[in-house]
Each structure stands twice: as C-alpha cells, then as structure tokens.
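*Asks:* Sequence and predicted structure are below.
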Amino acid sequence: MDDQVDRVLEALKVHIKKEIVDNYFADRVYLEEDADLLDREAEDYRREYGLLERRFLALYQALGSENACALLMEVLALKDWPFYRQYCALPQEERPGLLKGCRIRGLTAWRRYRNLVLDLYEQLQRHSVQLQESYAKVLTHLKLLNEDIDKFNLSYDFGLIAAQIEALEGGPGPMGGGLLAPEREELSTRMRFKRRKFTDEDLPPPPRLPALEEIKGRLDQVLARCKPD
C-alpha cells in the first residue's frame, strides 16, 4: 500500500513539475507573440509618420519662403519646425516634385497660392490627428504588454519555482541543482522577460496641429503678407 501511495505521489510531483514548465513556456510564447504584434504596430506607425514628413515638406514648398514658414509656425505655436531640416537638405531641383499631383484651383496666382496652402494644411492636420490616435494605441499596447511581463516575471521567478519544487521533494533536490546564489540569480535573470520601451527616436510623437477652422483667419493674414507677385 505504501509503495502505491509513493508511486501516486511521485506521479503527482512529476505532473506538477511538468505543468509549471508547460505554463512557463506557454505564457512566454504568448508574450513573444504579443511583443511581435507591438513591433508591427510600431513599424506601421513609423511608416505613417514618414508620410507625415512628406506632407510637411510639401507644405513648406507651397509656402514658398522661409519667412512664410516662420509665420505659419507662429500661428501653430510650434517652436521646432517639424522636418524643416529635411526640407532644407533636399536639393533645390527636387523640391518642385513635392507638389506633384496637388490640385491647383483658383483664377489668380493669389487664389491658387492660398488654396494650395490651405488644402495641404488641412490634409496634414487630418493626418496628424490619425497619427495621434495610432500613437496612443501603440503606447497603450506597450503599457499592457509591460504589465503582463511584470506578472510573468513575478509568477515565474526562478527562486520561487525552485522553492516550490524543493518543497515537493522534501528539501533541496534536483531543481536546486546545487546552484550557488550568484548562479541562481543569473538563471533567474535569463528566465525573466525583458520589459519593452520606445524612445522618441523609436516612436516619434506627432505634432499637435489645430484644425484649419481654428486658424483660417490668421492663416489668411499670413498668406496675404507672403503672397507671390
């Protein structure tokens, strides 16, 4: 009878060990898949952010002068001119191509200038709003993933697991492996899942731009001062 009980207890110990290991790897695979999904979302965001840069460059080209750009930035209350360095670095002969495909409407040069700038700004502002939503979505996903990582690392702390197995064995046993404290800490570190983070370089925040309706009057004044001859 005692032998039968011992066999049952031994089988139970093996089952518990296996369950701990299976749960560890199952949860780790889940985190890895979620982290990959987060990386794809961040990559999609960066791709859209690159399109925002293209729209800013087109707007700078449409404005036609550094003075006009400066006046616009005052209206937008932006100290740093988004992507202006990239615009300045673009060869002069390539800049007109930024406006390729833009709709030109108006009977006079002034009207065509005004309508082009307003159209480009409205498209840019709408794109910026969409990016704000995508940016917030990625940051929320990052926060939730890190919360899951913290829970995982707490649940699968090697020292805790080793103590549980040793308790099943009735004292220090195979799980401990005779490991010294530094070795246990190293193994525990390797078992942890690293928290994720994005720098502003990894995930640049989009500029917040007011809706065209909010600044149209002031923008008209700027364009009137900078209108082409």
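*Replies:* Good, I have the coordinates. Numbers count the residues shown, from 1 in each chain.
*Asks:* When you work out contacts or count neighbours from here on, use the C-alpha atoms and nothing else.
*Replies:* OK.
*Asks:* how about low-confidence regions in this structure?
*Replies:* The chain contains residues with pLDDT under 70 at 1-22, 158-191, 228-229.
*Asks:* And the helices in it?
*Replies:* Ranges of helices within the chain are 2-63, 66-76, 84-89, 109-155, 158-169, 181-191, 212-226, based on DSSP state H.
*Asks:* Please spell out which residues along the last one are buried.
*Replies:* Which is helix 212-226. Neighbour counts over helix 212-226 (16 or more other CA atoms under 10 Å) mark Leu212, Leu219, Val222, Leu223, Cys226 as buried.
*Asks:* Nearest to Leu142 among these?
*Replies:* Closest approach to Leu142 among those (CA to CA): Leu212, at 32.0 Å.
*Asks:* Now do the contacts for that closest one.
*Replies:* By CA atoms under 8 Å, 6 or more residues apart in numbering, the contact list for Leu212 reads Leu118, Tyr121, Glu122, Gln125.
*Asks:* In a markdown table: those residues, plus neighbour count and distance to Glu66.
*Replies:* Shown next, in a markdown table, are the contacts of Leu212 (neighbours: other CA atoms under 10 Å; distance: CA to CA, whole Å):
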| residue | neighbour count | distance to Glu66 |
| --- | --- | --- |
| Leu118 | 19 | 17 |
| Tyr121 | 19 | 16 |
| Glu122 | 16 | 20 |
| Gln125 | 20 | 20 |
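*Asks:* Show the contacting residues for Tyr84.
*Replies:* Shown in contact with Tyr84 (CA under 8 Å, 6+ apart): Leu57, Tyr60.
*Asks:* Share the number of residues neighbouring the nearest residue to Arg126 once chain neighbours are set aside, please.
*Replies:* Counting by CA to CA, 6 or more residues apart in numbering, Arg126 lies nearest to Ala211, which is 8.0 Å off, once chain neighbours are set aside. Using other CA atoms under 10 Å, the number of residues around Ala211 comes to 14.
*Asks:* Equivalent analysis for Leu90, please.
*Replies:* Using other CA under 10 Å, Leu90 is surrounded by 12 other residues.
*Asks:* Could you do Leu154 as well?
*Replies:* Leu154 has 12 neighbours, counted by other CA under 10 Å.
*Asks:* Kindly provide the distance from it to Gln61.
*Replies:* 54 Å (CA to CA, to the nearest Å).
*Asks:* Same question for Glu33.
*Replies:* Applying CA to CA, the value for Glu33 to Gln61 is 43 Å.
*Asks:* Have a look at the two and say which one is more surrounded.
*Replies:* Higher neighbour count among Glu33 and Gln61: Gln61, with 19 against 12, using other CA under 10 Å.
*Asks:* I figured that one was touching Leu98, is that so?
*Replies:* Yes: between Gln61 and Leu98 a contact is recorded at 7.1 Å, counting by CA atoms under 8 Å.
*Asks:* one step back: list the contacts for the residue nearest to Arg126?
*Replies:* By CA under 8 Å, 6+ apart, the residues touching Ala211 are Glu122, Gln125, Arg126.
*Asks:* Setting aside sequence neighbours, what's the nearest residue to Pro96?
*Replies:* Spatial nearest neighbour of Pro96, chain neighbours left out: Gln61 (7.2 Å); criterion: CA to CA, 6+ apart.
*Asks:* how much space between the one you found and Gln86?
*Replies:* Note on Gln61: its distance to Gln86, by CA to CA, is 12 Å.
*Asks:* what does Tyr45 give?
*Replies:* 19 Å.
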